[in-house]
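1. Based on what follows, work out the 3D shape:
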Amino acid sequence: MEWDNSGGGVGQLLQPDVHRGRVALVTGGGTGIGRAIALDMARCGADVVISGRRPEPLENTASEIEALGVRALAVSADVREETEVTALVGQALERFGRIDTLVNNAGGQFAAAAEDITNRGWRAVHRLAVDATWAVTREVAVRAMIPQGSGSIFFMAFSPRRGISSMVHATSARAALENLASGLSLEWSRYGIRSICIAPGTIATDGMKENYSDEARARWASAVPLGRLGSAEDVSGVVTFLASPAGSYVTGTTVVIDGGADAWGAGHPAPMVGKTR
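-> Have a look, this model is predicted:
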């Protein structure tokens with residue numbers, strides 16, 4: 001299977017100064033989709049704050065950002081902890097004085113049959129995907145975006161949106177974020193804040209390459225009408241565009257980035273009724 005997907009970042013397509021003077025905060029910004037978004041925002045002139053739990057990838061990404069001629073701040077933080085969220089936003093504001101774009105990219109999940117998901121496992125996924133996301137969102141809105149009268153907030157969901165087998169804990173959490181983006185647009189538009197949910201399909205990150213076989217990735221790609229898995233840059237390009245003035249009339253909606261997978265529906269035969277494991 002070809003691993004080098006055809007998707008590319010938006011850095012060469014938008015004006016290189018479209019985000020100049022703006023500040024982006026990306027949680028989970030050291031690797032994968034978060035890293036790609038951070039780099040694309042930097043290519044378009046934004047100063048970027050990235051957070052995550054592992055210092056090494058954060059520092060590596062921060063160095064890449066600074067090599068593009070903008071400022072970067074890497075903050076090691078666990079966004080599940082309220083005190084660390086407060087400190088993260090405080091450091092961002094102390095360094096840059098404002099936050100214009102928030103990308104809630106931090107998340108995590110595991111595959112399991114629904115009946116095998118314990119209450120503890122369920123809570124762990126929802127705590128990071130929903131509770132921590134809300135904690136960061138509220139902190140940024142109250143301390144930065146509402147006072148400055150502007151901002152864009154992004155949430156990350158999943159495609160297909162109808163549900164994913166062995167992922168009911170994670171898909172239900174991400175569905176909550178879709179509703180959150182919609183609801184916030186009704187309340188926070190008066191402050192000049194836009195809220196958008198992004199629903200990527202199967203994205204070929206380094207983590208996927210390390211954890212899944214070529215056969216598995218080829219099977220997933222076969223269910224995508226465009227005939228390939230997505231790249232992190234396919235997602236980052238859309239987010240960077242929507243965060244720019246060109247996306248200023250988009251809010252309260254979910255944007256699906258999945259090569260047509262959600263429109264296609266089930267890519268494999270439906271499970272047999274009565275079939276056991």
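2. what ranges do the helices span in the chain?
-> For the chain, the helices defined by DSSP state H cover 32-43, 55-66, 82-96, 119-126, 133-140, 146-148, 168-188, 206-211, 214-222, 232-243, 261-264.
3. Show me what the shortest one is packed against.
-> Think helix 146-148. On a contact count with 3 or more Cβ pairs under 8 Å, 6 or more residues apart in numbering; DSSP states H and E, helix 146-148 meets no helix or strand. For the C-beta atoms, the positions are set from N, CA and C on the backbone; glycine is no exception.
4. for the third one, same thing?
-> Helix 82-96 makes packing contacts with strand 23-27, strand 47-52, strand 72-76, helix 133-140 when contacts are defined by 3+ Cβ pairs under 8 Å, 6+ apart.
5. Run through who's touching the third one.
-> Contacts of strand 72-76 with the rest of the structure, by Cβ atoms under 8 Å, 6 or more residues apart in numbering, involve 30, 42, 47-55, 58-59, 61-63, 65-66, 87-88, 91-92, 95-96.
6. re the thing from before, return the most buried member of the helices of the chain.
-> Ranked by mean neighbour count, those are led by helix 32-43 with a mean of 28 (mean count of other Cβ atoms under 10 Å).
7. Which other helices and strands does that one contact?
-> strand 23-27, strand 47-52, helix 55-66, strand 101-104, helix 232-243.
8. The nearest residue to residue 253 once chain neighbours are set aside and residue 51, how far apart?
-> Once flanking residues are discounted, residue 253 sits nearest to residue 196: 6.4 Å by Cβ to Cβ, 6 or more residues apart in numbering. For residue 196, the distance to residue 51 equals 20 Å [Cβ to Cβ, to the nearest Å].
9. And these two? Which one has more around it.
-> residue 51 (28 against 23; other Cβ atoms under 10 Å).
10. Do me a favour and average the pLDDT over the lengthiest strand in the chain.
-> Secondary structure assigned by DSSP state E gives strand 193-200 as the longest strand of the chain. If you average the pLDDT over strand 193-200, you get 98.
11. Output the below-cut-off pLDDT ranges for the chain.
-> 1-12, 266-277 (pLDDT under 70).
12. Now do the contacts for the residue nearest the centre of it.
-> Nearest residue to the geometric centre of the chain (Cα atoms, centre = their mean): residue 105, 3.4 Å. Neighbour list for residue 105: 26, 27, 28, 29, 33, 34, 37, 154, 156 [criterion: Cβ under 8 Å, 6+ apart].
13. Quick check: residue 130 touching residue 170?
-> No: counting by Cβ atoms under 8 Å, residue 130 sits too far from residue 170 to count as a contact (10.5 Å).
14. Residue 91: what's its closest spatial neighbour, skipping adjacent residues?
-> Closest residue in space to residue 91, ignoring its immediate chain neighbours: residue 75 at 5.4 Å, by Cβ to Cβ, 6+ apart.
15. how near is the residue lying closest to residue 135 once chain neighbours are set aside to residue 91?
-> The shortest distance from residue 135 to any residue other than its chain neighbours is 4.8 Å, reached at residue 85 (Cβ to Cβ, 6+ apart). Distance, residue 85 to residue 91, by Cβ to Cβ: 11 Å.
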